[in-house]
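S.K.: Predicted coordinates and the sequence they were generated for:
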There are 2 protein chains.
Amino acid sequence: MSTEDATFPESPLNRFHAVIPAGGVGTRLWPLSRAAAPKFLHDLTGSGSTLLRATYDRLEPLAGERVLVVTGEAHRAAVCRQLPEVGDDELVLESEPKDSGAAIGLAAAILHRRDPETIMGSFAADQVISPDDLFQDTVREAIYTAATGKIVTIGIKPTHPSTGFGYIRSGEALNVEGAPNALAVAEFVEKPSQEVANKYVEAGDYVWNAGMFVAPVALMLQHLEANQPELFKGLQEIAEAWDTPQRAEVTARVWPTLPKIAIDYAVAEPAAAAGDVAVVPGTFRWDDVGDFAAIGRLNNAGDVDEVTVLGEGARVFAENASGVVVSDTKRVIALIGIKDVVIVDTPDALLVTTKEHAQLVKGTVDALKASGDTDVL
Amino acid sequence: MSTEDATFPESPLNRFHAVIPAGGVGTRLWPLSRAAAPKFLHDLTGSGSTLLRATYDRLEPLAGERVLVVTGEAHRAAVCRQLPEVGDDELVLESEPKDSGAAIGLAAAILHRRDPETIMGSFAADQVISPDDLFQDTVREAIYTAATGKIVTIGIKPTHPSTGFGYIRSGEALNVEGAPNALAVAEFVEKPSQEVANKYVEAGDYVWNAGMFVAPVALMLQHLEANQPELFKGLQEIAEAWDTPQRAEVTARVWPTLPKIAIDYAVAEPAAAAGDVAVVPGTFRWDDVGDFAAIGRLNNAGDVDEVTVLGEGARVFAENASGVVVSDTKRVIALIGIKDVVIVDTPDALLVTTKEHAQLVKGTVDALKASGDTDVL
């Protein structure tokens, strides 16, 4: 396998088209991430790039300008500001959220109509990955494997027995040319208990399911039709109208009627049962930035004392303190004698919690919703 | 003793003139209290009144409009807004802070020139006292005792062996008519160690020195002259010019030259050594609101879960949290899984600490000063 392969017209690398589903508010990152400014529009690593921009830049060496972005209509302007090179043809706007089955399925259907030989790769807009070259090597292997007629998930070698992710049990080596690490998938397993997670990591043949996959669009649609015929039919109808003047009319009529289902249930799991799924384990660093504790892990350049500080122009004074401060204002923030704290300071809402309790932020967002304080959600 | 005594022209109660020194930033209450908005201009008890206004209202039944306020020139407008009934004659403005010796000494000198028979009572503007009637009963006893030729401190019966206050050791009963609780003062003692404080409280004859005292102005000046002749001379010069057109000129010339010394050292301690000091122990509740932990003690009406909330229109959501939130903004503040926390949220500065570390705020203010971040001080 080498990048030179792409110079051969018949290389599967030339059939690659990246898809970036940019959805999901990231409730566990409230009040930084919220409906009007979801997680993927933030720079959560202090890199100077939003997660969305970093995702695009990571894919560009593989896909060139063949990067389709699927996002909510409400985020159109923000997404275009982040990705000025994405033209109208590469932007799919959802009038209402319909879960990943519809979002990724529509991308597959549109790409299939434009070129049925396309190999798509789907990569969420709100994950943190490094280094880029290791990621790109893994995706190339996945493309070669997909070209043999597989839906190829990219698994992550576990760094610890996490209970926050689903796992993929790998099977025998597939011996694909250009993809020495490709393995068959034995099964997908849901988020495990701690005990079970420990066993998975010990066993060595389990990887995290990071929700990234590469697949021929034709194969995607074939499984979608078999397992979710109603969803498939609706998406086909929209895709047929997509590059015509009827797009708006058909989409407005059909999209709201589509069933809500995750792509895992609609395609990946039934395809795995049918023996059509492979996995390429990735050794790059991967984080889904699931809560503010993750932000502490991902940042250290801006440390003040033992406090990780994220935010341009942050003015943090720490004395005998540790934890994470995300500053979305220019206020002075003073921390005294407080450990493992998480502080998120935004113009209209302030969160103070601990790393240990960071996962509970979702409950607070629900409480705010219930109390009618939706102005800050 | 009864309040009716004031109807007799010869009653010492008719000679009473209250003095409120309104100075001191209250650094331990940063960022709520700061140079431009010191402690006494805040409502720290959720009563709806600032500490200054509450101090005035507590004295008004004793002093009527005979209440002299000594404050910094910078606070003139704010003080007048709080106390519209205080006329120019009752307002003493310091061009620069000179400690309590000069501030209270000047009040004594001015009042003495206006009426040498005056009995003054000095009460800091930033303390919390309740109930008012018990306080007033104690001050009346102090006035009767002062009329016998004493500088009378008002001691506070200790509720716990505090190491944060000086103590007064009381001596024999003075048997003053109208002041059954008046005692001689044996000695003033500085803030003790914990061990010593425990002994004081066990002994039973120690009270906290709350810095409140009642005394004939003539006796005050006599001790000031004996112990601080330079300060006395300067204050006399200003007082002579005070109610004349020369006030501004003389004050501008003399005030900056005055020595800085606390009234305790300038008058109270030498007077005690001379046997001229008495104490009336007060049984009212008293708090000097020395830090944010005190604010937790003094407020509970606005509790959300186990969080004490201070601030008009505060929007606090607490889950499995305890502590104190002072909200000077209208932001939503969410606390999750954090105990004994202290959060002070102001438009340009945020403090997050614990009740245990609340006393360390002063150090942070010093650090901010050193770093040049004086815009928030």
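M.R.: Thanks, I have it.

S.K.: And the helix or strand of chain A with the lowest mean pLDDT, what does it pack against?
M.R.: Ranked by mean pLDDT, DSSP states H and E, the helix or strand of chain A with the weakest confidence is helix A:292-298, at a mean of 85. Other elements packing on helix A:292-298 under the criterion 3 or more C-beta pairs under 8 Å, 6 or more residues apart in numbering or on different chains; DSSP states H and E are strand A:285-287, strand A:306-310, strand A:322-327, strand A:341-345. (Each C-beta comes from the backbone N, C-alpha and C, glycine too.)

S.K.: go again using 7 Å as the cut-off
M.R.: Judged by 3 or more C-beta pairs under 7 Å, 6 or more residues apart in numbering or on different chains; DSSP states H and E, helix A:292-298 is in contact with strand A:285-287, strand A:322-327.

S.K.: Which residue ranges of the stretch 201-350 of chain A form helices?
M.R.: A:217-227, A:229-242, A:247-254, A:263, A:269-273, A:292-298 (DSSP state H, counting those that start in this stretch).

S.K.: For the shortest one, which helices and strands make contact with it?
M.R.: Contacting helix A:263 under the criterion 3+ C-beta pairs under 7 Å, 6+ apart are the following elements: helix A:99-114.

S.K.: quick revisit: Throw the helices and strands packed on helix A:292-298 into JSON lines and include mean pLDDT, distance to A:Tyr144 and mean neighbour count, thanks.
M.R.: Shown next, in JSON lines, are those (pLDDT from 0 to 100; distance: least, C-beta to C-beta, whole Å; neighbours: other C-beta atoms under 10 Å in any protein chain shown):
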{"stretch": "strand A:285-287", "mean pLDDT": "93", "distance to A:Tyr144": "21", "mean neighbour count": "18"}
{"stretch": "strand A:322-327", "mean pLDDT": "92", "distance to A:Tyr144": "40", "mean neighbour count": "24"}
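
S.K.: for these, which one sits closest to A:Val277?
M.R.: strand A:285-287 (19.2 Å; C-beta to C-beta).

S.K.: May I have the residues that are in contact with the residue of the stretch 101-250 of chain A found nearest chain B?
M.R.: Residue of the stretch 101-250 of chain A nearest chain B, by C-beta to the nearest C-beta: A:Gly164 (17.7 Å). Listed by C-beta atoms under 7 Å, 6 or more residues apart in numbering or on different chains, the contact set of A:Gly164 reads A:Lys191, A:Gly290.

S.K.: Give me the contact list for stretch A:367-374.
M.R.: With contacts defined as C-beta under 7 Å, 6+ apart, stretch A:367-374 is touched by A:Val376, A:Leu377, B:Arg315, B:Phe317, B:Val332.

S.K.: Could you list the domains of chain A?
M.R.: Listed by automatic domain parsing, the domain ranges of chain A are A:3-287, A:292-376.

S.K.: In TSV, list those along with distance to B:Ser100.
M.R.: Converted to TSV, the domains of chain A look like this (distance: least, C-beta to C-beta, whole Å):
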stretch	distance to B:Ser100
domain A:3-287	45
domain A:292-376	29
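
S.K.: so what's the residue sitting nearest the centre point of chain A up against?
M.R.: Geometric centre of chain A, nearest residue: A:Ala124, 2.0 Å, by C-alpha atoms, centre = their mean. Counting by C-beta under 7 Å, 6+ apart, A:Ala124 makes contact with A:Pro21, A:Gly211.

S.K.: That one sits in which helix or strand?
M.R.: For A:Ala124, there is no host helix or strand (DSSP states H and E).

S.K.: Distance-wise, check A:Tyr56 relative to chain B.
M.R.: Distance check for A:Tyr56 against chain B: by C-beta to the nearest C-beta, to the nearest Å, it reads 32 Å.

S.K.: Spell out the secondary structure type for that residue.
M.R.: helix (DSSP: H, G, I helix; E, B strand; the rest coil).

S.K.: mind listing what it touches?
M.R.: Applying C-beta under 7 Å, 6+ apart, the residues contacting A:Tyr56 are A:Ile20, A:Val67, A:Leu83.

S.K.: Among those, which one is most surrounded by other residues?
M.R.: A:Ile20 (27 neighbours; other C-beta atoms under 10 Å in any protein chain shown).

S.K.: so that residue makes contact with A:Gly121?
M.R.: No - applying C-beta atoms under 7 Å as the test, A:Ile20 and A:Gly121 come out as separate, 9.6 Å apart.

S.K.: returning to what we had before: for B:Ala37, find the nearest of the helices and strands packed on helix A:292-298.
M.R.: Once the helices and strands packed on helix A:292-298 are compared by C-beta to C-beta, strand A:322-327 is nearest, at 23.3 Å.

S.K.: is chain B contacted by that closest one?
M.R.: No - Strand A:322-327 lies out of reach of chain B by C-beta under 7 Å from any C-beta of the partner chain, never closer than 8.9 Å.

S.K.: and A:Val79, how many residues sit next to it?
M.R.: A:Val79 has 26 neighbours, counted by other C-beta under 10 Å.

S.K.: what separates it from A:Ala147, distance-wise?
M.R.: 30 Å (C-beta to C-beta, to the nearest Å).

S.K.: For the residue of the stretch 1-150 of chain A found nearest chain B, grab phi and psi.
M.R.: In the stretch 1-150 of chain A, the residue that lies nearest chain B is A:Pro31 (7.3 Å; C-beta to the nearest C-beta). Note on A:Pro31: backbone dihedrals following degrees, to the nearest 10 are phi -90, psi 10.

S.K.: Alpha carbons only: can I get stretch A:96-109 in CSV?
M.R.: Extracted C-alpha coordinates of stretch A:96-109, given in CSV (Å, rounded to 0.1, in the frame of the first residue of the first chain):
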residue,chain,number,x,y,z
GLU,A,96,-35.1,18.4,11.1
PRO,A,97,-32.8,15.8,12.8
LYS,A,98,-33.6,12.2,11.7
ASP,A,99,-30.8,10.3,13.4
SER,A,100,-27.7,8.9,11.6
GLY,A,101,-29.6,6.3,9.5
ALA,A,102,-31.3,9.0,7.4
ALA,A,103,-28.4,11.4,7.4
ILE,A,104,-25.7,8.9,6.2
GLY,A,105,-28.2,7.0,4.1
LEU,A,106,-29.1,10.1,2.2
ALA,A,107,-25.5,10.8,1.6
ALA,A,108,-25.0,7.3,0.3
ALA,A,109,-28.1,7.6,-2.0
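
S.K.: Any idea how far it is from the middle of the chain?
M.R.: Offset of stretch A:96-109 from its chain centre (C-alpha atoms, centre = their mean, to the nearest Å): 14 Å.
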